[in-house]
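**Q** Any chance you can model this:
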Amino acid sequence: MGREQWKKIWVGSAGNMVEWFDWFVYASFAVYFADAFFPKGNDTANLMNTMGIFAVGFFMRPVGGWLLGRVGDRRGRKAALTLTVTLMSASAVLIAVAPTYAVAGYGGIAVLLVARMLQGLSVGGEYAASATYLTEASAPDRRGFASSFQYVSMTAGQLLGLGLQIILQRGMSEQALHSWAWRIPFIVGALGAGIVFYLRRSMLEADVYADDDHARNDPDRGTMKALWAHKREAFLVVALTMGGTVAYYTYTTYLTKYLSGTAGLSKPTASLVSFCALFLFMCLQPLAGRLSDRIGRRPLLITFALGSTFLTVPIMTLLKHAGSFWPALGLSLLALLVVTGYTSINACVKAELFPTGIRALGVALPYAIANALFGGTAEYVALWFKNGGIESGYYWYVSGCAAVSLIVYLTMRETRTIDLHRVGRGSGDGSAERVLAS
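**A** Just a heads-up that it's a prediction; the model follows:
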């Protein structure tokens, strides 16, 4: 890959990293600020309420997917990526200054809710804009490798959040973290978003979009009418996302809470396990992405689905009794190794399904809907099972979602050899319809 392509990947990934830093620090620091916005009482109930607001962000993602996907198809990937990071910066500032229940009553919850809605709008468009940009900015035989940096940057953002959490846990008292120090990561996120905004203003447009005059001059580009013409591909995105997003959020954002709340590890130890596991997980993404460029996307997706379907229950059960750092780390790594089959390539698989004029919206809206239904509710569902005294029911829920996606992976066709310039034009192997089983 040339220097220019690496520059495009770096700028796109850096913004994605900040986006997901802000998104994930809400989840990872929720254990400290949950009581700040609700009356004192049941800690589990307060955490459920806080994660309920977290889920609201996911339900705004379809709106963000539609709005920013439309911007990406009509104004360009650069315009959409710049707008997403602006919204994320505003949301981080709001959370950082939100008044607590003791100061403003339920007014603080209102501020928190607005901030999460802005985050949902931002991330709803960010995923598709970055997935489309990274896929289009790479050479045809390196799309899997290049697009894998989306989850490299997403994981890097989460690692920065966890790393900051570990530093704060070791450098500050528990009282300070619950009182005011939980605001620090949101201040950091707002500053980081400002830097990325500057970088994205000078980024180069993706070659596939810039060179496709037919797509850029199509009056229906980025519209629901154009998306409806590719409704089969849109439904395919929802189905292939279902199992992957549930598994991903289970072993990333929920893992730290599970290790501390169920497995009995201390909060600092649980955070350290998550940090180490996610670092290795991040390093695996480009390797798996490059492998998909050689052997295809379907083998990796099928491997993920089989592993998640049959290994989730034993892994989660063993994690519950891990007891210490090393067993917990080993099991977490095994789970994330399985999830890599999905995370490393799902961005390019979805982008490869749609033609240029509807690619951003085609990825954004159905993916955001799937995340709202399954990813955003994963932690809430897990806590609901736990609060009901049947926590093991959640393990079977994750396995069931993966089983549904397995059926999709087994019946869909390979996307690796698709020509992005010819998708949906009904010519040769570049037709998106050939991706679907007859």
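**Q** Please tell me how far Lys257 sits from Val25.
**A** 14 Å (C-beta to C-beta, to the nearest Å). Where you see a C-beta, it was placed from the backbone N, CA and C, and this is true even at glycine.
**Q** So for the two, which sits in the more crowded spot?
**A** Val25 (25 against 22; other C-beta atoms under 10 Å).
**Q** After whichever helix or strand that one is part of, which helix or strand is next?
**A** Here Val25 sits within helix 3-28, counting by DSSP states H and E. For helix 3-28, the succeeding helix or strand toward the C-terminus, using DSSP H and E, is helix 30-33.
**Q** for the helix or strand following that next one, what is the average pLDDT?
**A** Later in the chain than helix 30-33, the nearest helix or strand by DSSP H and E is helix 43-74. Helix 43-74 comes out with an average pLDDT of 82.
**Q** got the angle for the next helix or strand after helix 43-74 vs helix 3-28?
**A** Downstream of helix 43-74, the first helix or strand assigned by DSSP H and E is helix 77-97. Compare the direction of helix 77-97 with that of helix 3-28 by axes from the mean of the first three to the mean of the last three C-alpha atoms, to 10 degrees and you get 30 degrees.
**Q** Which residues belonging to helix 77-97 are considered buried?
**A** Buried residues in helix 77-97, defined by neighbour count with 16 or more other C-beta atoms under 10 Å: 77-96.
**Q** what's the answer for stretch 290-303, then?
**A** 290-293, 296-298, 300-303.
**Q** Residues touching that stretch, excluding its own?
**A** 141-145, 148, 240, 288, 338, 340-342, 344-346, 348-349, 405-406, 409-410, 412-416 (C-beta atoms under 8 Å, 6 or more residues apart in numbering).
**Q** Dump the C-alpha coordinates for that stretch into CSV.
**A** What follows is stretch 290-303, C-alpha atoms only, in CSV (Å, rounded to 0.1, in the frame of the first residue of the first chain):
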residue,chain,number,x,y,z
ARG,A,290,-5.5,-9.8,5.2
LEU,A,291,-6.4,-13.5,5.5
SER,A,292,-9.8,-12.7,4.1
ASP,A,293,-8.2,-11.0,1.1
ARG,A,294,-6.6,-14.4,0.3
ILE,A,295,-9.3,-17.0,1.2
GLY,A,296,-12.5,-14.9,1.2
ARG,A,297,-14.9,-13.4,3.7
ARG,A,298,-17.3,-16.3,4.2
PRO,A,299,-14.8,-18.7,5.9
LEU,A,300,-14.0,-16.2,8.6
LEU,A,301,-17.7,-15.3,9.2
ILE,A,302,-18.7,-18.9,9.4
THR,A,303,-15.9,-19.7,11.8
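**Q** Centre of the chain to it, how far?
**A** 20 Å (C-alpha atoms, centre = their mean, to the nearest Å).
**Q** Does Ala80 touch Gly124 like I think?
**A** No: assessed by C-beta atoms under 8 Å, Ala80 is found out of contact with Gly124, at 10.9 Å.
**Q** overlap in contacts of those two?
**A** With C-beta under 8 Å, 6+ apart as the test, Ala80 and Gly124 both reach Leu68.
**Q** Filter the contacts of stretch 290-303 down to the buried ones.
**A** Buried, going by 16+ other C-beta under 10 Å: 142-145, 148, 240, 288, 338, 340-342, 344-346, 348-349, 405-406, 409, 412, 414-416, out of these.
**Q** how close does Ala137 get to Glu233?
**A** 21 Å.
**Q** what about the residue lying closest to Ala90 once chain neighbours are set aside, how many residues close to it?
**A** Closest residue in space to Ala90, ignoring its immediate chain neighbours: Leu118 at 5.7 Å, by C-beta to C-beta, 6 or more residues apart in numbering. Residues lying near Leu118 (other C-beta under 10 Å) number 23.
**Q** Quick check: Leu118 touching Leu94?
**A** Yes: the criterion here is C-beta under 8 Å, and Leu118 meets it with Leu94 at 7.2 Å.
**Q** so where is the stretch 301-438 of the chain shaky, pLDDT-wise?
**A** The model of the stretch 301-438 of the chain has pLDDT under 70 over residues 424-438.
**Q** quick one: what helix or strand has Leu191 in it?
**A** Here Leu191 is assigned to helix 184-201, by DSSP H and E.
**Q** Likewise for Ser274?
**A** Per DSSP H and E: helix 267-295 holds Ser274.
**Q** May I see the buried residues of the following helix or strand past that helix?
**A** The helix or strand immediately downstream of helix 267-295 is helix 298-320, counting by DSSP H and E. Residues of helix 298-320 classed as buried: 298, 300-309, 311-312, 315-316, 319-320 (neighbour count, 16+ other C-beta under 10 Å).
**Q** likewise stretch 103-122?
**A** In stretch 103-122, counting by 16+ other C-beta under 10 Å, buried: 108-109, 111-113, 115-122.
**Q** For that stretch, what does the pLDDT average out to?
**A** pLDDT averaged over stretch 103-122 gives 87.
**Q** and Leu177, what does it touch?
**A** 32, 168-169.
**Q** Any chance of CSV for those, columns neighbour count and pLDDT?
**A** As requested, these are exported to CSV (neighbours: other C-beta atoms under 10 Å; pLDDT from 0 to 100):
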residue, neighbour count, pLDDT
Tyr32, 21, 84
Leu168, 18, 91
Gln169, 18, 86
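**Q** Let me know the closest of those residues to Pro185.
**A** Leu168 (8.1 Å; C-beta to C-beta).
**Q** need the contact list for the closest one.
**A** Per C-beta under 8 Å, 6+ apart, neighbours of Leu168: 177, 181, 184.
**Q** Just the closest of those to Ala131, please.
**A** Ile184 (30.3 Å).
**Q** Now that closest one: closest residue in space, sequence neighbours ignored.
**A** Nearest to Ile184 is Leu168, by C-beta to C-beta, 6+ apart, at 6.6 Å.
**Q** Secondary structure element for the one you found, which one?
**A** helix 149-171.
**Q** Can you mark which positions in that helix are buried?
**A** Under the neighbour-count rule (16+ other C-beta under 10 Å), helix 149-171 has 149-162, 164-166, 168-169 buried.
**Q** Kindly report the same for stretch 257-270.
**A** Result for stretch 257-270 [16+ other C-beta under 10 Å]: buried residues 257-263, 265, 267, 269-270.
**Q** Which of the buried residues of stretch 103-122 sits closest to Thr132?
**A** Closest to Thr132, out of all of the buried residues of stretch 103-122 and judged by C-beta to C-beta, is Ser122, at 15.8 Å.
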